[in-house]
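[1] how would this look folded up:
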Amino acid sequence: MLVLTLIVLPRAEAGEVLDGVKARGQVRCGVSQGIPGFSEMDAAGAWHGFDVDFCRAVAAAVLGDPDQVAFVPLSATARFPMLQTHRIDLLLGNTTWTLTREAVLRVQFPGILFFDGQGFMVPAAAGIATLADLNGAKVCVEKGTTHQRNLTEYFRTNGWSVESLAIDSAPKAAAAFFAGDCRAYTSDSAELAAMRLLAPGGPGAFLILPERISNEPLSPVVWGGDPEWTTLIRWVLNVLILAEQYGVTRDNLDAVIAEGTNPLVRATADERESLARSMGVTPGWGRRVVRAVGNYGEIYDRNLGRASPLKIERGLNRLWNQGGLHYVPSID
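    Residues are numbered from 1 along each chain as shown. Model prediction:
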């Protein structure tokens, strides 16, 4: 049974989160505690990653400045209470969209930012070829995640035994695995690829098994009491995907605007003041998003794909017309 921390609070008034962001002049984003490619802080104190760029896109849309952000690293167990008590505005910590979370915790999942699946990493020299070889093994897993429940259920369903070693954060769980405390480490497959880069002795000492035991639709998460904020986050994501679909990039944005016929640019044009006003932002919000971080494909390639050290194939995260699952409703 999935155990969730529930804090019963009065419902927020419509617009409360969005109004708070504007008054504060800053978007506070909860992120993971250091997963390469998704959210990590460099030696100079600057944050980088896929989730980080999405937070900056939201700040560009709402505040006109992608740098008006604050990043709050959170463990899996702390992330929902922080959102429920309004200490963050947006949760981006590799969080899986589930019915239980949405219904019980009174949070909303505006859309799928990243499609993933739960996998397993093992030492390359251990002779482990399939999950069946882990029958009776100890497996490291981050506490408070869907991975913890999936691990137990999958092994039980297959008639195998497993000892789960639940640890407070993903970096600590990976470190315990690399130290030999477990025979395997289980998490989202993209996260495993990221942690493998940090492995002592280099990534070649470890491999990720090909099997996946779940689908993990990872979504931004917002407090459920502010429908304006939910809509805005949903459409920042949608604009990033539509920009890639329509061939709008950070580099060609000005030329596309000048040409004036691109459907995305027309739909988010400066003169559409009524649409922007209904969303609680100033006109030109879609253009500001793309100018700040590029389109979805650019964000992916820069942080996770071919231009990154991870070089993770896009797979299901391609657009619908390229063999992937990403497609969004029309703006009009």
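
[2] residue boundaries of the helices in the stretch 101-250 of the chain?
    All helices of the stretch 101-250 of the chain, identified by DSSP state H, counting those that start in this stretch, fall at 146-157, 170-178, 189-197, 227-245.

[3] nearest to Q68, out of the ones you listed?
    Judged by Cβ to Cβ, the one of the helices of the stretch 101-250 of the chain that comes nearest to Q68 is helix 227-245, at 14.3 Å. Using the backbone N, CA and C atoms, a C-beta is placed for each residue, glycine as well.

[4] need the next SSE after the helix-or-strand element of the chain with minimal mean pLDDT, C-terminal direction.
    Sorting the helices and strands of the chain by mean pLDDT, DSSP states H and E puts helix 263-267 at the bottom, at a mean of 73. Per DSSP states H and E, helix 263-267 leads on to helix 273-279 as the next helix or strand towards the C-terminus.

[5] list the helices and strands that following helix packs on?
    Helix 273-279 is packed against helix 227-245, with contacts defined by 3 or more Cβ pairs under 8 Å, 6 or more residues apart in numbering; DSSP states H and E.

[6] only alpha carbons, please: show the helix it packs on as CSV.
    The C-alpha trace of helix 227-245 is given here as CSV (Å, rounded to 0.1, in the frame of the first residue of the first chain):
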residue,chain,number,x,y,z
PRO,A,227,-6.7,26.5,-11.5
GLU,A,228,-5.1,29.6,-13.1
TRP,A,229,-1.7,28.4,-12.0
THR,A,230,-2.4,24.8,-13.2
THR,A,231,-3.5,26.1,-16.6
LEU,A,232,-0.4,28.3,-16.9
ILE,A,233,2.0,25.4,-16.1
ARG,A,234,0.2,23.1,-18.5
TRP,A,235,0.5,25.6,-21.3
VAL,A,236,4.1,26.4,-20.7
LEU,A,237,4.7,22.7,-21.3
ASN,A,238,2.4,22.6,-24.3
VAL,A,239,4.1,25.6,-25.9
LEU,A,240,7.5,24.0,-25.6
ILE,A,241,6.2,20.9,-27.4
LEU,A,242,4.3,22.9,-30.0
ALA,A,243,7.4,25.0,-30.6
GLU,A,244,9.3,21.9,-31.6
GLN,A,245,6.5,20.6,-33.7
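
[7] hang on, the earlier thing: now the helices of the stretch 101-250 of the chain in a markdown table, with mean neighbour count?
    Formatted as a markdown table, the helices of the stretch 101-250 of the chain follow (neighbours: other Cβ atoms under 10 Å):
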| stretch | mean neighbour count |
| --- | --- |
| helix 146-157 | 18 |
| helix 170-178 | 22 |
| helix 189-197 | 23 |
| helix 227-245 | 23 |
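
[8] and of those, who's closest to L310?
    Closest approach to L310 among the helices of the stretch 101-250 of the chain is made by helix 189-197 (5.5 Å; Cβ to Cβ).

[9] what comes into contact with that closest one?
    For helix 189-197, contacts defined as Cβ atoms under 8 Å, 6 or more residues apart in numbering pick out 35-38, 94, 114, 116-121, 170-171, 174, 185-187, 203, 206, 208, 212, 304, 309-310, 312.

[10] if you set the cut-off to 6 Å instead, what comes out?
    With contacts defined as Cβ atoms under 6 Å, 6 or more residues apart in numbering, helix 189-197 is touched by 35-37, 116-117, 119, 121, 174, 203, 206, 208, 309-310, 312.

[11] over to stretch 105-122?
    Applying Cβ under 6 Å, 6+ apart, the contact partners of stretch 105-122 are 4, 80, 97, 128, 147, 150, 184-186, 188-190, 192, 206, 208-209, 212-222, 224, 230, 233-234, 237, 316-317, 325.

[12] just the buried residues of the residues you listed.
    80, 97, 128, 147, 150, 184-186, 188-190, 192, 206, 208-209, 213-214, 216-222, 224, 230, 233-234, 237, 316-317 (16 or more other Cβ atoms under 10 Å).

[13] just for the stretch 1-150 of the chain, where's the confidence low?
    When residues are selected by pLDDT under 70, those of the stretch 1-150 of the chain lie in 1-14.

[14] could you check how far the spatially most central residue of the chain is from I112?
    By Cα atoms, centre = their mean, the chain has its centre lying nearest to N94, at 4.3 Å. N94 sits 12 Å away from I112, going by Cβ to Cβ, to the nearest Å.

[15] could you do I213 as well?
    Using Cβ to Cβ, I213 is found at 19 Å from I112.

[16] what does L325 give?
    Using Cβ to Cβ, L325 is found at 8 Å from I112.

[17] ranges for the strands of this protein?
    Ranges of strands within the chain are 27-31, 40-41, 47-48, 69-73, 90-91, 107-108, 114-116, 118-123, 138-142, 163-167, 184-188, 206-208, 216-218, 222-223, based on DSSP state E.

[18] could you dump those into a markdown table and include distance to D19?
    Converted to a markdown table, the strands of the chain look like this (distance: least, Cβ to Cβ, whole Å):
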| stretch | distance to D19 |
| --- | --- |
| strand 27-31 | 13 |
| strand 40-41 | 29 |
| strand 47-48 | 25 |
| strand 69-73 | 17 |
| strand 90-91 | 15 |
| strand 107-108 | 17 |
| strand 114-116 | 29 |
| strand 118-123 | 38 |
| strand 138-142 | 34 |
| strand 163-167 | 38 |
| strand 184-188 | 34 |
| strand 206-208 | 44 |
| strand 216-218 | 27 |
| strand 222-223 | 13 |
